[in-house]
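**Student:** Quick one: sequence plus predicted model below, questions after.
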Amino acid sequence: MPFAWTINPYRGCEIGCVYCFARYTHEFLELDPVRGFEERIYGKQIAGAGLREELRKVARGEVIAIGTATDPYQPAERRFGLTRSILEAFAKERGRRLSITTKSDLILRDIDVLREVARANMFHANVTITTLDEALARRLEPRAPRPALRLEAVRRIAEAGLAAGVFANPVMPLLTDSEDQLDALAAAAVRAGASFFGGGLLFLKPCARAVFFPFLETHFPDLLPQYRALFRDRAFLRGEHAQRAKDRVARVCARHGLADAPVGYIPELWPSEPRQGELFEIGAPPPRL
Ligand code: SF4
């Protein structure tokens, strides 16, 4: 997803996906990136004067992405409401470009404030769904809402008049990357009202590999040698396999009439006076983000 600035209200994430790359952020704190990442969650109280001060540095055309590392609607959000408090601050802003990425239907709790945000700011909701296979999703993302609940979240976000899309991230070789799987997911996304679809490839930093490889060994032992070969000496998938997955994502987007990234638009109360640093002009065709 494109962005210039990020906000991650939480460090650590209870959802506990086996491919999660954000585990390394616990290593900075000299904490366990495996169980510690899922059990010791840190919240950042950033709404208020601090956020207003930070926003002074952000030009209007720059995208602020909430949830680039950890999920802003993970279970802790039910109790602490940090993401909601940030959105309430953005509801008072005008001319911002904001996105949220989540795999939780808890986002629906905030539809009211999201609608307020989206009246004067360009907003996109990116709902992550790696697979429609509920059993596989349960293994990959143990404490995430079921894929059907996430699709229902897309449907209700779109029904509320907000721009919604589905990210199949991370697309995992031999697990979720067949054309049939991606096609079925894109078709379900369209039925739910999504307007864009993305599929970033799996990458395995050492902290993610430490969880993912034992997961394969337990549940998909036949795949382990192929994964060892694909990720030998590197975290990012490259070459033929990576290109094939990218081509499949591009084909399913084209087949289902989905944009391959969030598409810009001009909100109802977008400020009419351009500011310095703005990346496009009011009245010009909506930019692709
Ligand atoms: S929901 Fe996101 S942040 Fe949380 S464990 Fe899964 S991949 Fe990591």
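**Tutor:** On my side now, so go ahead.

**Student:** beta partners for the most centrally placed residue in the chain?
**Tutor:** Centroid-nearest residue in the chain: Thr101, 3.1 Å away (criterion: C-alpha atoms, centre = their mean). When assigned by DSSP bridges, Thr101 has beta-bridge partners Asn126.

**Student:** And the helix ranked longest in the chain, what does it pack against?
**Tutor:** If you go by DSSP state H, the chain has its longest helix at helix 239-256. Applying 3 or more C-beta pairs under 8 Å, 6 or more residues apart in numbering; DSSP states H and E, one finds that helix 239-256 contacts helix 179-192, strand 196-198. (Glycine included, C-beta is placed from N, CA and C.)

**Student:** With respect to the ligand, which of the ones you listed lies nearest?
**Tutor:** Nearest to the ligand among the helices and strands packed on helix 239-256 is strand 196-198; the distance by C-beta to the nearest ligand atom comes to 14.7 Å.

**Student:** where does Leu98 fall, phi/psi-wise?
**Tutor:** Main-chain torsions, Leu98, degrees, to the nearest 10: phi -130, psi 140.

**Student:** what sits against Glu14?
**Tutor:** Glu38, Glu39, Ile41, Gln74, Pro75, Ala76, Arg143 (C-beta atoms under 8 Å, 6 or more residues apart in numbering).

**Student:** Go ahead and list the helix or strand containing it.
**Tutor:** In the assignment (DSSP states H and E), Glu14 maps to no helix and no strand.

**Student:** about what we covered before: indicate which one of the helices and strands packed on helix 239-256 is closest to Val249.
**Tutor:** helix 179-192 (6.2 Å; C-beta to C-beta).

**Student:** for that closest one, packing partners?
**Tutor:** Applying 3+ C-beta pairs under 8 Å, 6+ apart, one finds that helix 179-192 makes contact with helix 147-159, strand 163-167, strand 196-198, helix 239-256.

**Student:** Next, Val211: secondary structure please.
**Tutor:** Secondary structure for Val211, judged by DSSP: H, G, I helix; E, B strand; the rest coil, is helix.

**Student:** Grab the nearest non-local neighbour of it.
**Tutor:** In space, Val211 comes closest to Val18 once its chain neighbours are excluded; the distance is 5.2 Å by C-beta to C-beta, 6 or more residues apart in numbering.

**Student:** what about the closest residue to Cys20 other than its chain neighbours, distance to Tyr24?
**Tutor:** Distances taken as C-beta to C-beta, 6+ apart put Ala208 closest to Cys20, at 6.1 Å, once the chain neighbours are dropped. Going from Ala208 to Tyr24 by C-beta to C-beta, to the nearest Å gives 8 Å.

**Student:** thinking Pro9 is in contact with Leu51, fair?
**Tutor:** No. Using C-beta atoms under 8 Å, Pro9 makes no contact with Leu51, being 10.7 Å away.

**Student:** who's in contact with the residue nearest to Val211?
**Tutor:** Applying C-beta under 8 Å, 6+ apart, the residues near Val18 are Arg139, Leu140, Glu141, Pro142, Val211, Phe212, Phe215.

**Student:** swap in Leu136?
**Tutor:** Leu136 neighbours (C-beta under 8 Å, 6+ apart): Leu175, Thr176.

**Student:** what about it, which SS state?
**Tutor:** Following three-state DSSP, Leu136 is assigned to helix.

**Student:** still on that earlier bit, and the residue nearest to Cys20, how far is that from Pro145?
**Tutor:** According to C-beta to C-beta, Ala208 and Pro145 sit 21 Å apart.

**Student:** near the ligand, which residues of this structure show up?
**Tutor:** Residues of the chain that fall close to the ligand, judged by C-beta under 6 Å from any ligand atom: Cys13, Ile15, Gly16, Cys17, Cys20, Ala22, Thr70, Asp71, Gln74, Lys103, Glu141.

**Student:** Try it again at 5 Å.
**Tutor:** Cys13, Ile15, Cys17, Cys20, Ala22, Thr70, Asp71 (C-beta under 5 Å from any ligand atom).

**Student:** ok, so of the residues you listed, who is nearest Pro221?
**Tutor:** Using C-beta to C-beta, Cys17 is the member of the residues of the chain next to the ligand that lies nearest Pro221, at 20.0 Å.

**Student:** Make sure I have this right: that closest one is in a strand.
**Tutor:** No. Read with three-state DSSP, Cys17 is coil and lies in no strand.
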